[in-house]
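Asks: Output the structure for:
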Amino acid sequence: MYTPKHATTINASSMADIAFLMLCFFMVTTIIQEHKGLTLLLPQIDNQVAPVNDRNVFNIRLNSHNQLMIQNTPRENMVGIRAEIKSFILNNGVVAGLSENPLKAVVSLKADRGSRYRYYIALLDEIQAAYYEIYGEKVGITPAEFRKLDTRVPMQNQLYEKGKAGVPMNISIAEL
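Replies: Numbering: from 1, shown residues only. As a prediction, the model looks like this:
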């Protein structure tokens with residue numbers, strides 16, 4: 001029977017070098033995604049504020065307990081809000097309580113500091129979705145297709161401009 005006089009060991013001195021090289025390799029080859037946050041275009045500073053008739057403002061309020069109040073009526077959820085916004089914008093003065101025309105219609109979203117971001121973003125998404133549905137319907141495409149239009153392509157730019165013509169996306173975002 002064979003019994004070794006010395007225990008065999010593996011030389012691990014180069015393991016640290018290999019681990020360091022692997023770390024460097026993964027750091028160089030990994031793509032780090034940047035979160036861009038919300039893409040909102042803020043208006044230019046203007047000291048002149050145009051008067052807005054109360055009739056032309058669709059009010060949405062979100063308090064610190066994430067409770068909704070739409071047009072001064074408490075609501076449990078956002079069901080139907082998109083259709084309400086669309087009918088408000090496209091009223092053209094027909095119904096007395098709704099906007100005079102799409103050019104004057106403003107959707108006002110006011111949120112309390114304590115409200116959760118996901119509710120705020122969900123409301124903002126619903127408001128924008130209502131506008132994109134209007135734009136898509138005007139040119140005969142879906143809202144998703146309208147959002148994907150590339151304005152650098154002349155044909156798509158014409159569709160984009162035709163869809164937005166006469167219906168500006170007037171969203172007022174404020175804090176309670």
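
Asks: helices and strands of this protein: which one bottoms out on pLDDT?
Replies: Of all the helices and strands that make up the chain, strand 171-175 has the lowest average by mean pLDDT, DSSP states H and E, namely a mean of 81.

Asks: how distant is it from the center of its chain?
Replies: Using C-alpha atoms, centre = their mean, to the nearest Å, the distance from the centre of strand 171-175 to the centre of the chain it belongs to is 14 Å.

Asks: So which bits of it are buried?
Replies: Within strand 171-175, the residues that qualify as buried by neighbour count (16 or more other C-beta atoms under 10 Å) are I171, I173. Glycine gets a C-beta too; all of them are placed from N, C-alpha and C.

Asks: Partner strands of that strand, with direction?
Replies: strand 106-111 (parallel) (DSSP bridges).

Asks: Need the contact partners of the strand it pairs with.
Replies: Residues from elsewhere that reach strand 106-111 (C-beta atoms under 8 Å, 6 or more residues apart in numbering): 52, 56-62, 85, 88-89, 119-120, 123-124, 127, 130, 170-176.

Asks: try 7 Å this time
Replies: Contacting residues not belonging to strand 106-111 are listed as 52, 56-62, 85, 120, 123-124, 127, 170-176 [C-beta atoms under 7 Å, 6 or more residues apart in numbering].

Asks: try stretch 166-176
Replies: Under the contact criterion C-beta under 7 Å, 6+ apart, stretch 166-176 has outside partners 61, 89, 102-103, 105-113, 127, 131, 134-135.

Asks: any idea whether the most centrally placed residue in the chain is helix, strand or coil?
Replies: For the chain, the residue sitting closest to the mean C-alpha position, by C-alpha atoms, centre = their mean, is D125 at 5.1 Å. Secondary structure assignment for D125 (DSSP: H, G, I helix; E, B strand; the rest coil): helix.
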